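Enquirer: Next come a sequence and a model predicted from it.
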Amino acid sequence: MNLNIDSVKKRTFDAIVVGSGISGGWAAKELCEKGLKTIVLERGRKLDHITGYKTALMAPWELENRNMHTTSDKEDYHIQSKCYAFNDGTRHLFVSDKDNPYEQKKPFDWIRGYHVGGKSLMWARQTYRWSDFDFEANAKDGHGSDWPIRYADIAPWYSYVERFAGINGNKDGLPQIPDGEFLPAIELTVLEKHLQKVIRDNFKGMNLVQGRSANATAAVNGRGPCQFRNLCHRGCPFSAAFASQAATLPAAAATGNMTLRTDSIVHSVIYDESKKRATGVRVIDAVTREMTEYYAKVIFVNASTVNTTTLLLNSESNRFPDGLGNDSGVLGHYLMDHCYRGRAGASYDGFEDHYHKGRRPTGFYIPRFRNILGDKNDNFLRGYAIGGSAERGAAWEGGAWQPGFGAGFKNAMTKPGGRGAGFHMQGECLPRFENKLSINKSKTDQYGMPTVEFDAQWSDNEVAMLKDGKEVFTAILEKAGFKNIEFYDSNEAPGKGIHEMGTARMGKDPKTSMLNRNNQLHAVPNVFVTDGACMASTGTQNPSLTYMALTARAADFAVNALKRREI
Amino acid sequence: MDRRKAFQRISLLLGGIALAPELMAKALADSSTSVSAAPPDRLRLLNEMAETIIPETDTPGAKAANVGGFIIHAVETCLPADRRRAFYDGLDSAEAACTSRFGRSFADCNESQRVSLFTDLEKQPSTEEGMPPFFTALKMLTLHGYFTSEIGATQALNYDPVPGGWVADMVINDQTKAWTSMF
C-alpha cells in the first residue's frame, strides 16, 4: 500500500508537457522557470545536443551515398524523403514510414521526427511575426472562427521569445511582418539586391527583404554565433541554430525542475468527472510497451499538430465521448497547411565577377502583398508570401548538360556556376471543415495507438493564387532581366509544407472552437494546447515563432491561474 | 525561403545533378533492389571513362578519386532497377562500339582513341523519351562522384567547411575556384 502511494507520488508533478519540439520545449522552459516541477514526455528517443549530432561535422565524402537518395529511401521513407531536409546527413532524424503508417483518404505528406527536439532540429528556422492582417482575417471574410486574440495581445510575447531564441533580420518597417528584436541581418547577394531594387521601383506594395531566421548571427544566451555552414538540419554543434535541445530544454533543466522522459508515447489524457479537470496522462513506454500514469495539476499538449489532436481524440470519457474537450465537434477539423505549389526558376547573365563566401542559412522573403494595403484581387481571398534565393552555385552541378570532357572541361567545372533565382509561393490556406483528420481505433500501430486518417485537399482559393503567382513571378523576373524563366506547379499534397495547422483551433465561441484566448480547452481549463493544432488560420508566415510566443504567453497565464487557484 | 532549396531548383532548370533524384523517382513500378554482381573489369572501365572526362591535371583526376567505385555504388544503391539496367546497357554498348572499332576495351585504348569514341558518344541522342542519354548520365555521376570526393572537394575546389561568416559580395577573377558544395 505504502509502496503504491510512493509510486504515485513519484509519478506526480506540478505540470506535464507532452512533446519536446518547438512548443513543448518552450512550455518546459517557461513552466520550470516559474517554479513548477515539470515532466516532459517525449515519444521519441534521446538525442543530446551536440554529442547526438552524429553527422554534424561530416564532409561530403563521408556521407554514405554522397547525398543521393537511395532506392531503399523510396521504400522505407517514401513520404519523409519528399522533405527538402531529408538527405544522407539527416535520414536518421526522420521516422521510417514503413514503421509508422497512416491512412490517406486523400494524399497528405506527414513529415515527422521522433526524438528529443522533434522537428525543431530539422526545421527551416524562418521566423516572422504575424500581424492583425492575419489575426483579423477570419472575422473579416467569414472563413474560420475569429481569432480570440489580436496582435497587441501577442506582441510582447514575440519580443520575449525573440530575445531568447535569437532571430536575425532587418527592421523593415512593413506592417504585415512587424519588426522584432533582431540580431544582425544576413546581407542579400548582389543579384538579390538587384531584384530588391527592381521590385521597389516597379511593383507597388511589394518588398523584398532578408529572410528572417532563428540562427544566432551574434552570440545570444551563450549560443552561437552562426558559422555559416548551412548544415543546420544535421544539428548545430555551434548552438547557433535554434533547436529545443540547444536552447529551451537546457534552460528548463538548469532550474532543476525538469524531468525529461523519452520513449514515452502519451496514449490519452485522464479526465476526472467529479473534479471537472484532467488529472494526468497515460503513457505507453515505446520500449517495454508498458502503460504508466503520470499526474499533474496542469497539462500542456505539444505533441505537434497531428499527434496532439490524435491524443485528444483518443482521450475518451463519459463526459467527452468524442475526444477531450470536444463539445463543439470541431476537433480534427479545419486541417490546414501552407500551399507551396507555385515555383519558379530563372537564370541571369551578369555580375560575372561577383561571388560570395560562406553558406547562408536563409534567403530572401517577399511578404504578402495581395488584398492588403490597398491591393484588391478579385480571384481569391487573402494572399501569399514569396520566398527564395538568388545566388551562384558551382559550375559542375550543371556540368553534365554542358558539352565536352577532358582537361579544359575539368577546369571549367571547378569554377563558380551560373547565376539564377528560385522562387516559391507560400499561400494562405483557408480553414475548411471538410479538411480533417480522424483516428481509426480498429487499426492500431505497433504501440497500440490508433492510426491517423487524413482527408484534406487544397481548395479553389489556394489553386486560384497559383495563376496570380505565375503572372507576378514572370513580371518580376522579366523586368529584372532574367532569362529562361520557368514557372511550375509542384502539385504537392497538403502536409509537405510541414506547416500543418488547425484541428483543435482557438476561438471565442466554445460551440465552434476547442481553445480559448489563453489556449485552454474551453471545457477542461487545466489542459493547454499551444502547438500548430491551436491555429485558427494559417496566415502567410511560417508559424513556429507564433507557436513559441503563444506557448510562453499560455504558460504565464497557466502559472498565474494556478496561483489564483482557478485551475 | 532557403528551406525550399531554391538553389536546387536553379540547377534543375539549368540541368544538373539535382535531376538525379527526379530520375530516380521515376519507374518505381520496377524498383527491385537486388544488387547485381558487378563484373570485375567494370570498376576499371568506369574509372578510365571517368578519368577521360575529369583527367589528372594540376590536380588529381577521377581515377585517383575512385570515381568508378562511386558510380558503381550510386548505380547499385540509388537507381531503380530499370534505370540501373539502362545505365549498364549504355555502358555495354559504348564498350561494344569501342571493341568493334579499336579491337580492345575502352580501358586499354590510348588517349586519341578515347577522345574519338567519346566525341561520337556525346552526339548520340537518348534511347528513351525523357531520359538523359548514357553519356550525360555518365558525366552526371562522374562530376558528382569527383567533386564530392575528398580529392575533388579539397583540391579541385575551394573547400571551406566552417566559413565562420558570410560575405555577400566579393569580386573574383577567372582563376577563382568554386566553393565546395555542402549539403
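Expert: Ah, there it is. Numbers count the residues shown, from 1 in each chain, chains lettered A, B, ... in the order given.
Enquirer: Following element in sequence after whichever strand or helix holds residue A:356, please.
Expert: Element membership for residue A:356 (DSSP states H and E) is strand A:354-357. Once the chain leaves strand A:354-357, the next helix or strand it forms, by DSSP H and E, is strand A:364-366.
Enquirer: Direction included, what does the next helix-or-strand element following that next one pair up with?
Expert: Downstream of strand A:364-366, the first helix or strand assigned by DSSP H and E is strand A:384-394. Here strand A:384-394 is paired, per DSSP bridges, with strand A:364-366 (antiparallel), strand A:416-427 (antiparallel).
Enquirer: how far does stretch A:122-136 stretch from start to finish?
Expert: 31 Å (Cα to Cα, to the nearest Å).
Enquirer: for chain B, what spans make up the strands?
Expert: B:167-171 (DSSP state E).
Enquirer: what stretches of it score poorly on pLDDT?
Expert: Residue ranges of chain B with pLDDT under 70: B:1-38, B:40.
Enquirer: residues contacting residue A:307?
Expert: A:19, A:43 (Cβ atoms under 8 Å, 6 or more residues apart in numbering or on different chains). Bear in mind the C-beta positions are built from the backbone N, C-alpha and C, glycine included.
Enquirer: likewise residue A:222?
Expert: residue A:239.
Enquirer: repeat that with 10 Å
Expert: A:216, A:239, A:246, A:247, A:250 (Cβ atoms under 10 Å, 6 or more residues apart in numbering or on different chains).
Enquirer: C-terminal to the helix or strand of chain A with the lowest mean pLDDT, what's the next element?
Expert: Lowest by mean pLDDT, DSSP states H and E among the helices and strands of chain A is helix A:2-10, with a mean of 84. Remark: after helix A:2-10, the chain's next helix or strand is strand A:12-18, criterion DSSP H and E.
Enquirer: which helices and strands sit right next to the following helix or strand past that following strand?
Expert: Later in the chain than strand A:12-18, the nearest helix or strand by DSSP H and E is helix A:22-33. Packed against helix A:22-33 by the contact rule (3 or more Cβ pairs under 10 Å, 6 or more residues apart in numbering or on different chains; DSSP states H and E) you find strand A:12-18, strand A:38-41, helix A:151-165, helix A:248-254, strand A:258-261, strand A:291-301, helix A:305-313, helix A:544-563.
Enquirer: where does residue A:279 land in three-state SS?
Expert: strand (DSSP: H, G, I helix; E, B strand; the rest coil).
Enquirer: and the gap between it and chain B?
Expert: 40 Å (Cβ to the nearest Cβ, to the nearest Å).
Enquirer: What is the neighbour count of residue 154?
Expert: Assuming you mean chain A. 21 (other Cβ atoms under 10 Å in any protein chain shown).
Enquirer: Chain B, not that one
Expert: Neighbours of residue B:154 using other Cβ under 10 Å come to 16.
Enquirer: With adjacent residues omitted, what lies nearest to it?
Expert: Leaving aside its sequence neighbours, residue B:154 sits nearest to residue B:180 (Cβ to Cβ, 6 or more residues apart in numbering or on different chains; 7.3 Å).
Enquirer: what's around that neighbour, how many residues?
Expert: By other Cβ under 10 Å, the burial measure for residue B:180, its neighbour count, is 19.
Enquirer: can the contacts of residue A:222 go into JSON lines with extra columns for pLDDT and neighbour count?
Expert: Below are those laid out as JSON lines (pLDDT from 0 to 100; neighbours: other Cβ atoms under 10 Å in any protein chain shown):
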{"residue": "A:216", "pLDDT": "98", "neighbour count": "27"}
{"residue": "A:239", "pLDDT": "98", "neighbour count": "24"}
{"residue": "A:246", "pLDDT": "98", "neighbour count": "27"}
{"residue": "A:247", "pLDDT": "98", "neighbour count": "28"}
{"residue": "A:250", "pLDDT": "98", "neighbour count": "18"}
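Enquirer: Return the member of these nearest to residue A:19.
Expert: Closest approach to residue A:19 among the contacts of residue A:222 (Cβ to Cβ): residue A:247, at 15.6 Å.
Enquirer: What residues does the closest one make contact with?
Expert: With Cβ under 10 Å, 6+ apart, residue A:247 has these contacts: A:22, A:25-26, A:29, A:49, A:117, A:120, A:164-166, A:214, A:216, A:220-223, A:239, A:241.
Enquirer: is stretch A:184-200 anywhere near chain B?
Expert: Yes. Using Cβ under 10 Å from any Cβ of the partner chain, stretch A:184-200 comes into contact with chain B via A:184, A:186, A:187, A:188, A:189, A:190, A:191, A:192, A:193.
Enquirer: List the beta-bridge partners for residue A:391.
Expert: Under the criterion used (DSSP bridges), residue A:391 bridges to residue A:420.
Enquirer: Pull the contacting residues for it.
Expert: A:188-192, A:354-356, A:359-360, A:363-364, A:416-417, A:419-422, B:2, B:6-7, B:10, B:168.
Enquirer: ok, residue 88 - how many residues close by?
Expert: Using chain A here. 21.
Enquirer: Chain B was what I was after
Expert: Residues near residue B:88, counting by other Cβ under 10 Å: 17.
Enquirer: from memory it sits against residue B:75, does it?
Expert: Yes. Using Cβ atoms under 10 Å, residue B:88 is in contact with residue B:75, at 7.4 Å.
Enquirer: What residues of stretch A:139-159 count as buried?
Expert: Within stretch A:139-159, the residues scored as buried using 16 or more other Cβ atoms under 10 Å in any protein chain shown are A:143-149, A:151, A:153-155, A:157-158.
Enquirer: for those, which one is nearest residue A:80?
Expert: residue A:144 (29.6 Å).
Enquirer: residues touching residue A:30, list them.
Expert: Counted by Cβ under 10 Å, 6+ apart, residue A:30 has contacts A:15, A:17, A:36, A:38, A:160-161, A:248, A:251-252, A:300, A:551-556, A:558-559.
Enquirer: And it, what's its pLDDT?
Expert: At residue A:30, the model reports a pLDDT of 99.
Enquirer: Mind giving me the ChimeraX select for the contacts of residue A:391, buried ones only?
Expert: Buried residues among the contacts of residue A:391 (16+ other Cβ under 10 Å), as a ChimeraX selection:
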select /A:188,189,190,191,192,354,355,356,359,360,363,364,416,417,419,420,421,422 /B:2,6,7,10,168
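Enquirer: Just give the closest residue to residue A:12, not the sequence neighbours.
Expert: residue A:295 (4.4 Å).
Enquirer: burial of that neighbour, as a residue count?
Expert: Residues near residue A:295, counting by other Cβ under 10 Å: 17.
Enquirer: From residue A:314, how far out is it?
Expert: Distance, residue A:295 to residue A:314, by Cβ to Cβ, to the nearest Å: 18 Å.
Enquirer: what's the answer for residue A:38, then?
Expert: Relative to residue A:314, and taking Cβ to Cβ, residue A:38 is found at 23 Å.
Enquirer: more neighbours, the two?
Expert: residue A:38 (28 against 18).
Enquirer: still on that earlier bit, show me what contacts the residue nearest to residue A:12?
Expert: So residue A:295 contacts A:8, A:9, A:11, A:12, A:13, A:16, A:39, A:270, A:278, A:279, A:280, A:281 (Cβ under 10 Å, 6+ apart).
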